[in-house]
Structure formats: structure tokens, C-alpha cells
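*Asks:* Predicted model, plus sequence, below.
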Amino acid sequence: MTSSAHAEPILTPPRRPWAPVHRLMELYRFRVLLYYLVVRELKGRYKSSVLGFLWTLLNPLLMMLVFTVVFTVILPNYAVPQYPIFLLCGLLPWNYFSASVIGSIHSVVGNANLVKKVYFPREILPIATVLAQLINFLLALLVLFALLLIFRMPLSPRWWMLPLVILLHTCFTIGLALILSAVNVYYRDTMMIMDVVIMAWFFLTPVFYPLDVLPRSYEVLGFSLNVHRLMYILNPMASLINTYRDLLYLGTYTEMDFFLRTAVTSLGVLALGYWIFVRLSPNFGEEV
């Protein structure tokens, strides 16, 4: 009989090659754990709050009021027709993205006791954070749809594409969350760096201003750069927010080639993030 002292540790996940089908099957097996982690995230967000989940609705409304006053009263030259609708079509997706990314960075390190004691697919932790924020985002969309009715915006048959856009948005966000949560296990200053990056990213993304306020071209070292095109190529969130606005604010179809490029980028970031996370996750127990 083999001595227990020489038994293999049961808490260390087995080192398997990158096998997407196997990882997805494991995620499905632990779907109940994912559900409870999402519920825990939602309860923790509203713990000891008087208004509870109503803050999900009030927060974008209050931010909308502030930006509307600034860009229609203080800076009237930058007025946009139906500005509250224009703003929320960018602000709500951005809030979902930024809250998910910042919240997921600490998801693995913050659950060190769970990571050390029990084996489960570690990617569940950042994914649970993103899915909890997704629920908040879907609730906040109720505010946007209510304003669409109040402002008598035309109902568009193109809204059937909205679930696809939300899915791609979620894929991109999960991919980035997986990368950052894994990197944070080894480099704990990731959060401080991302606080600055997210703030800069917000101002570099046409959330509260139309892209037309930027020059269409810019000269650098004798080369003419197409600013609008580079914005969409280098900033996936600009592409996603533009797609939301096309559907909800303008009620038009996004150009198919533009939509496909956005889809490829989102799925590519998800695949890259998953690969990086899986490669780094076997050592999480020792690092946290």
C-alpha cells in the first residue's frame, strides 16, 4: 500500500496541453460554481446599499445629466442631436467594459484561499466578474430603451443584431480580463497601471464626443495618418461603441466588413487571453 506522504497533491491542477474543447467541458462541469460566484459578485456590489440594484439604473442617469449639461449648455458648439441617447449608447458599453476589467484584475489574487484549497478551472474567477457586470449592463439598458421611447426615437428592425454585438463585446472583455487577472498574479502593480490606462482609454474613445470632432487626417513626420481609421483599428472599444450607436442611435446597419473586423478582433482577444491564462494558471497556487 502506498504511503499517503508520497501521494500526488490533489489541489494542484494537472498540467495538460492547450485543449480548448477540454477547457470548455471543464467550464461546463463547474457551471454551478460559476453561477454562485456571479451571485456573490452581485450581492457584494450592493451589500449595505440602501438603493441596492437601483444604482445600476441611477448611475448612468446621473452621469448622463452631467455630460449633457457640459456638452449642451457649457460647450454648446459641440451639441449633438438627442445627446442623452448618443451619450448612453457609448457610456453604458464603456461602463460595462471598464468595471469588468478593473474588477477582474484582482479576481484570482482576491480568492487566494479558494485557489489554494480547491481545484476548479481558475478562469471561472475573472469570467464570473465579467458576467456579473454583464447583468448590470443589461439592467442599465432598460434606462436606454426607456429614453428611446421618451425621445420618440424610431424603433429599428435592425435591433435583432444587438445580442450579437453584446456577445462580441463580452468576448473582448473576457479576453482582456483573463490576461490582466493572470498577469496580476505575478505583477501586483497591474491594478495601478490599469487605473491610468483605463482613464486615458476613456478619453481616447468617442464615448461622450462624436468622432467627427477629431481631425480626419494628421501629419506626422511627413506622413498623413487617417485618424478616424486608426481610431477603429487601434481601439476595439471605439469600434464596438460605434456599432452600438449605429444600431440604437442611428437605427442603421453597421457595414458588414466593419462588423466582421470587430468580430475577428473580439474573438482573437478572447482566444489569446484564454491561451495566456491557461499557460500561467498551473502556478497560481504557489504565487498567490
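*Replies:* Looks like it came in fine.

*Asks:* Output stretch 257-274 as PDB, restricted to C-alpha atoms.
*Replies:* Taking Å, rounded to 0.1, in the frame of the first residue of the first chain, the C-alpha atoms of stretch 257-274 are listed here in PDB:
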ATOM      1  CA  ASP A 257     -16.900  44.400 -43.400                       C
ATOM      2  CA  PHE A 258     -16.600  46.700 -40.300                       C
ATOM      3  CA  PHE A 259     -18.700  44.300 -38.200                       C
ATOM      4  CA  LEU A 260     -16.600  41.300 -39.300                       C
ATOM      5  CA  ARG A 261     -13.400  43.100 -38.400                       C
ATOM      6  CA  THR A 262     -14.800  43.900 -35.000                       C
ATOM      7  CA  ALA A 263     -15.900  40.300 -34.600                       C
ATOM      8  CA  VAL A 264     -12.400  38.900 -35.600                       C
ATOM      9  CA  THR A 265     -10.700  41.300 -33.100                       C
ATOM     10  CA  SER A 266     -13.000  40.400 -30.200                       C
ATOM     11  CA  LEU A 267     -12.700  36.600 -30.800                       C
ATOM     12  CA  GLY A 268      -9.000  36.900 -31.300                       C
ATOM     13  CA  VAL A 269      -8.500  38.700 -28.000                       C
ATOM     14  CA  LEU A 270     -10.700  36.100 -26.300                       C
ATOM     15  CA  ALA A 271      -8.600  33.200 -27.700                       C
ATOM     16  CA  LEU A 272      -5.300  35.000 -26.900                       C
ATOM     17  CA  GLY A 273      -6.500  35.800 -23.300                       C
ATOM     18  CA  TYR A 274      -7.700  32.200 -22.700                       C
END
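
*Asks:* Which positions in that stretch come out as buried?
*Replies:* For stretch 257-274, burial by neighbour count (16 or more other C-beta atoms under 10 Å) applies to 259, 262-263, 265-266, 269-270, 273-274. C-betas here are computed from N, CA, C, even on glycine.

*Asks:* Same question for stretch 102-120.
*Replies:* 102-111, 114-115, 120.

*Asks:* returning to that earlier point: quick one: which of the buried residues of stretch 257-274 is nearest F145?
*Replies:* Distance to F145 across those (C-beta to C-beta) is lowest for F259, with 21.8 Å.

*Asks:* Got phi/psi on the closest one?
*Replies:* phi -60, psi -40 (degrees, to the nearest 10).

*Asks:* helices or strands up against the lengthiest helix in the chain?
*Replies:* Scanning the chain for the helix with the most residues, using DSSP state H, yields helix 124-150. Under the contact criterion of 3 or more C-beta pairs under 8 Å, 6 or more residues apart in numbering; DSSP states H and E, helix 124-150 touches helix 31-45, helix 54-69, helix 83-105, helix 162-186.

*Asks:* of all the ones you listed, which lies closest to L148?
*Replies:* Closest among these, using C-beta to C-beta: helix 83-105, at 6.5 Å.

*Asks:* Please save the CA atoms from the closest one in PDB.
*Replies:* Taking Å, rounded to 0.1, in the frame of the first residue of the first chain, the C-alpha atoms of helix 83-105 are listed here in PDB:
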ATOM      1  CA  TYR A  83     -27.400  64.000 -26.900                       C
ATOM      2  CA  PRO A  84     -28.600  61.900 -24.000                       C
ATOM      3  CA  ILE A  85     -29.300  59.000 -26.300                       C
ATOM      4  CA  PHE A  86     -26.000  59.500 -28.100                       C
ATOM      5  CA  LEU A  87     -24.100  59.500 -24.800                       C
ATOM      6  CA  LEU A  88     -25.800  56.500 -23.200                       C
ATOM      7  CA  CYS A  89     -25.100  54.400 -26.400                       C
ATOM      8  CA  GLY A  90     -21.400  54.900 -25.600                       C
ATOM      9  CA  LEU A  91     -21.400  55.300 -21.800                       C
ATOM     10  CA  LEU A  92     -23.200  52.100 -20.900                       C
ATOM     11  CA  PRO A  93     -21.000  49.800 -23.000                       C
ATOM     12  CA  TRP A  94     -17.900  51.600 -21.700                       C
ATOM     13  CA  ASN A  95     -19.000  51.300 -18.000                       C
ATOM     14  CA  TYR A  96     -19.600  47.600 -18.600                       C
ATOM     15  CA  PHE A  97     -16.100  47.200 -20.100                       C
ATOM     16  CA  SER A  98     -14.200  49.300 -17.600                       C
ATOM     17  CA  ALA A  99     -16.000  47.900 -14.500                       C
ATOM     18  CA  SER A 100     -15.400  44.300 -15.800                       C
ATOM     19  CA  VAL A 101     -11.700  44.900 -16.500                       C
ATOM     20  CA  ILE A 102     -10.900  46.700 -13.200                       C
ATOM     21  CA  GLY A 103     -12.900  44.200 -11.200                       C
ATOM     22  CA  SER A 104     -11.400  41.100 -12.800                       C
ATOM     23  CA  ILE A 105      -7.800  42.100 -12.200                       C
END
